[in-house]
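Asks: I'll drop the sequence and a predicted model, then ask my questions.
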Amino acid sequence: MSKLDRRNSMGKCVECPIHDICLGNGHCFFSKRRDTIPSLPSQTPPRPQRKPRGQERICRDSSLLRPLARLGSVPPQRKLPPQDNGGSRLLPSGLPRKCSVFHLFVACLLLGFFSLLWLQLSCSGDVARAARGQGQETPGPSRACPPEMPPEHWEEDASWGPHRLAVLVPFRERFEELLVFVPHMHRFLSRKKIQHHIYVLNQVDHFRFNRAALINVGFLESSNSTDYIAMHDVDLLPLNEELDYGFPEAGPFHVASPELHPLYHYKTYVGGILLLSKQHYQLCNGMSNRFWGWGREDDEFYRRIKGAGLQLFRPSGITTGYKTFHHLHDPAWRKRDQKRIAAQKQEQFKVDREGGLNTVKYRVDSRTALSVGGAPCTVLNIMLDCDKTATPWCTFG
Ligand code: UDP
Ligand code: MN
């Protein structure tokens with residue numbers, strides 16, 4: 001259509017198409033660019049004027065408002081002709097009218113809501129846990145959380161219930177692991193409101209390491225104020241606070257179950273972390289003292305549990321799989337003593353029907369109350385005794 005077609009008989013513009021402007025000479029000025037405001041032909045050539053970009057981004061293309069438009073809370077934005085964005089239609093603040101105070105208010109509300117949600121999650125530890133990946137503990141409290149009380153102030157309280165746990169930790173030369181373990185466990189159990197005391201059973205004789213005999217000693221030396229035990233490896237840190245460490249009324253409770261332990265997955269495994277009431281431990285006559293060196297003492301204890309007619313329980317509803325624990329064990333640095341000397345090869349698979357809690361021979365050299373990173377524990381320096389005729393493999397000969 002030509003420009004002249006738009007004049008009436010008097011040579012005046014009747015109506016210019018939208019985007020076109022009726023000029024003083026009666027012509028409609030046909031603008032190629034829809035956002036161009038023309039000047040009179042005699043003036044300097046028209047210079048395209050851009051829409052204010054920031055405003056356009058907030059009100060039209062805002063990724064914040066687009067989902068709202070889809071949900072229907074903000075009507076989908078129609079692409080408006082440029083004159084709608086003209087100065088006369090701007091709010092006093094310079095924002096287009098479509099970008100109303102209401103939209104900004106909704107955007108602020110959403111921002112506030114998501115900030116609060118993030119704060120809440122990071123304080124409850126969920127985000128921190130997710131960020132930990134393999135389960136390495138993040139030291140110190142989260143930046144946004146209110147500061148946590150120092151461990152020495154976490155006091156047990158009668159409202160935590162009638163039971164008290166003795167955490168029995170067989171130990172020799174795992175100093176770095178101990179520095180992490182004691183504060184971690186004290187914090188973990190206090191958060192769960194489990195009354196507890198940690199006993200570090202430090203084997204100081206010159207025999208090979210004997211995990212089971214140390215647990216027997218720990219049982220006998222633990223305070224009468226405790227009524228159940230956790231035999232607990234020093235290098236296995238529980239990460240999931242859903243794990244139950246409560247009193248195992250019904251029977252032994254294997255916390256580090258094969259579905260959750262990062263390394264051991266066989267059905268009869270009961271090592272790592274096992275809870276028992278003191279009464280049930282006595283019923284089994286504790287653990288066998290014949291296992292010097294690494295391994296098999298826990299497999300023998302499984303058979304004692306069965307022999308005593310006890311039912312074994314394990315965690316349910318834990319969804320963190322093999323990331324439920326952090327196994328702080330570098331096998332190159334902490335070599336396992338897997339030597340089998342002479343008769344030990346056959347003996348290691350037998351059930352010890354006589355020995356156990358009633359036959360363990362030892363002396364407690366010292367008993368030291370210690371605070372590790374503000375968390376209390378007791379270190380027992382234990383001298384085990386070995387009957388070299390019964391178990392000659394307690395030394396390397
Ligand atoms: N342990 C120890 N010093 C040793 C050997 C074992 O303190 O020289 C203790 C420690 O509590 C450790 C547990 O016994 O977590 C089990 O031993 P290890 O970690 O070697 O066995 P794993 O379960 O990794 O096969
Ligand atoms: Mn280990």
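Replies: Cool, the structure landed. Ligands and ions are numbered 1, 2, ... in the order given.
Asks: Could you use CA atoms for every contact and neighbour count after this?
Replies: Fine.
Asks: Taking the protein, what residue is nearest to ligand 1?
Replies: Proximity of the chain to ligand 1 (CA to the nearest ligand atom) peaks at Phe171, 3.2 Å away.
Asks: Contact partners for that residue?
Replies: Shown in contact with Phe171 (CA atoms under 8 Å, 6 or more residues apart in numbering): Val200, Leu201, Asn202, Gln203, Arg211, Val234.
Asks: Name the SS class of the first one, please.
Replies: Pointing back at Val200 there. Under the three-state scheme (DSSP: H, G, I helix; E, B strand; the rest coil), Val200 adopts strand.
Asks: Tell me the pLDDT of it.
Replies: Val200 is assigned a pLDDT of 98 by the prediction.
Asks: give me every residue that touches it.
Replies: Applying CA under 8 Å, 6+ apart to Val200 gives the contacts Leu168, Val169, Pro170, Phe171, Cys377, Thr378, Val379, Leu380.
Asks: How about the second one?
Replies: Contacts of Leu201 were listed using CA under 8 Å, 6+ apart, and they are Leu168, Val169, Pro170, Phe171, Leu214, Ile215, Val217, Gly218, Val379, Leu380, Asn381, Ile382.
Asks: element containing Arg303, please.
Replies: For Arg303, the host element (DSSP states H and E) is helix 297-307.
Asks: same check, this time on Thr319
Replies: Using DSSP H and E, Thr319 sits within no helix or strand.
Asks: Contacting ligand 1 as well, which ones from the contacts of Phe171?
Replies: Intersecting those with the contacts of ligand 1 gives Arg211, Val234 (criterion: CA under 6 Å from any ligand atom).
Asks: between the contacts of Phe171, which is nearest His163?
Replies: Val200 (20.3 Å; CA to CA).
Asks: Near the closest residue to Val351 other than its chain neighbours, how many other residues are there?
Replies: In space, and not counting its chain neighbours, Val351 is closest to Glu300: 6.0 Å by CA to CA, 6 or more residues apart in numbering. If you count neighbours by other CA atoms under 10 Å, Glu300 ends up with 19.
Asks: wait, what's in contact with Glu300?
Replies: Met287, Ser288, Phe349, Lys350, Val351, Asp352.
Asks: Identify the farthest-apart pair in those.
Replies: Farthest-apart pair in the contacts of Glu300 is Met287 and Phe349; separation 14.1 Å (CA to CA).
Asks: who's more crowded, these two?
Replies: Counted by other CA under 10 Å, Met287 and Phe349 do not tie: Met287 has more neighbours, with 28 against 12.
Asks: Grab the nearest non-local neighbour of that one.
Replies: Nearest non-adjacent residue to Met287, counting by CA to CA, 6+ apart: Gly356, 5.0 Å away.
Asks: what about the strands in the stretch 101-250 of the chain?
Replies: For the stretch 101-250 of the chain, strands defined by DSSP state E, counting those that start in this stretch occupy the ranges 165-171, 196-203, 228-232, 236-238.
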